[in-house]
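Undergrad: Okay, here's the prediction I keep looking at, along with the sequence it came from:
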Amino acid sequence: QVQLTESGPGLVNASQTLSLTCTVSGGSITTSSYAWSWIRQPPGMALEWMGVIVYDGSTHYNPALKRRTSISRDTSKNQFSLQLNSVTPEDTAVYYCTRETWYGLGSDTYDFWGQGTQVTVFS
């Protein structure tokens, strides 16, 4: 059974960088055909896909967030990470890491999710 666990600070100062890590167990992030995404849900709003890192290390981002977002991985630790720069209170949300079977952008075949971590941006 694949398990994903998000970690990182729950409070971030506005204009700073939000950094989260997802630790994966029960499966390798380099296994062919899988991809690993970050998704967030601001309070009272819908889920928002932020970006993905594919098994081959390639990345794709939500165009609305691309300028501020970076996703990377550490294969030795079986982790992937999110950095969101220049945060504002509008970036306050529950942040989730997920796994999907990779058929390309928009397939949304998420099968495993982390429990989510609340991040609050204060000014």
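TA: Okay, I see it.

Undergrad: quick one, helices of the chain?
TA: Read by DSSP state H, the chain holds no helices at all.

Undergrad: Dead centre of it: give me the residue that sits there.
TA: By Cα atoms, centre = their mean, the chain has its centre lying nearest to residue 38, at 2.1 Å.

Undergrad: That one against residue 99, yeah?
TA: No. Counting by Cβ atoms under 8 Å, no contact exists between residue 38 and residue 99, whose distance comes to 11.5 Å. Any C-beta I mention is one placed from the backbone N, CA and C, and that applies to glycine too.

Undergrad: Okay, strands next: where are they in this protein?
TA: 3-7, 11-13, 18-25, 34-41, 48-54, 59-61, 69-74, 79-84, 93-101, 110-113, 117-122 (DSSP state E).

Undergrad: Could you tell me which strands sit next to the longest one in the sheet, and their orientation?
TA: The one in question is strand 93-101. strand 34-41 (antiparallel), strand 110-113 (antiparallel), strand 117-122 (antiparallel) (DSSP bridges).

Undergrad: residues of that strand that come out buried?
TA: 93-100 (16 or more other Cβ atoms under 10 Å).

Undergrad: Please apply the same query to the second one.
TA: Taking 16+ other Cβ under 10 Å as the basis for neighbour counts, the residues of strand 11-13 that come out buried are residue 12.

Undergrad: That one pairs with which strands, and in what direction?
TA: In the sheet, strand 11-13 lines up with strand 117-122 (parallel) (DSSP bridges).

Undergrad: what's the answer for the first one, then?
TA: The strands that strand 3-7 pairs with in its sheet are strand 18-25 (antiparallel) (by DSSP bridges).

Undergrad: okay, the strand it pairs with in CSV with CA atoms only?
TA: Provided in CSV are the C-alpha atoms of strand 18-25 (Å, rounded to 0.1, in the frame of the first residue of the first chain):
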residue,chain,number,x,y,z
LEU,A,18,6.4,28.0,1.3
SER,A,19,8.3,24.7,1.3
LEU,A,20,6.6,21.3,1.7
THR,A,21,7.9,17.8,1.3
CYS,A,22,6.0,14.6,0.6
THR,A,23,7.5,11.3,1.8
VAL,A,24,6.4,8.3,-0.1
SER,A,25,6.4,4.7,1.2
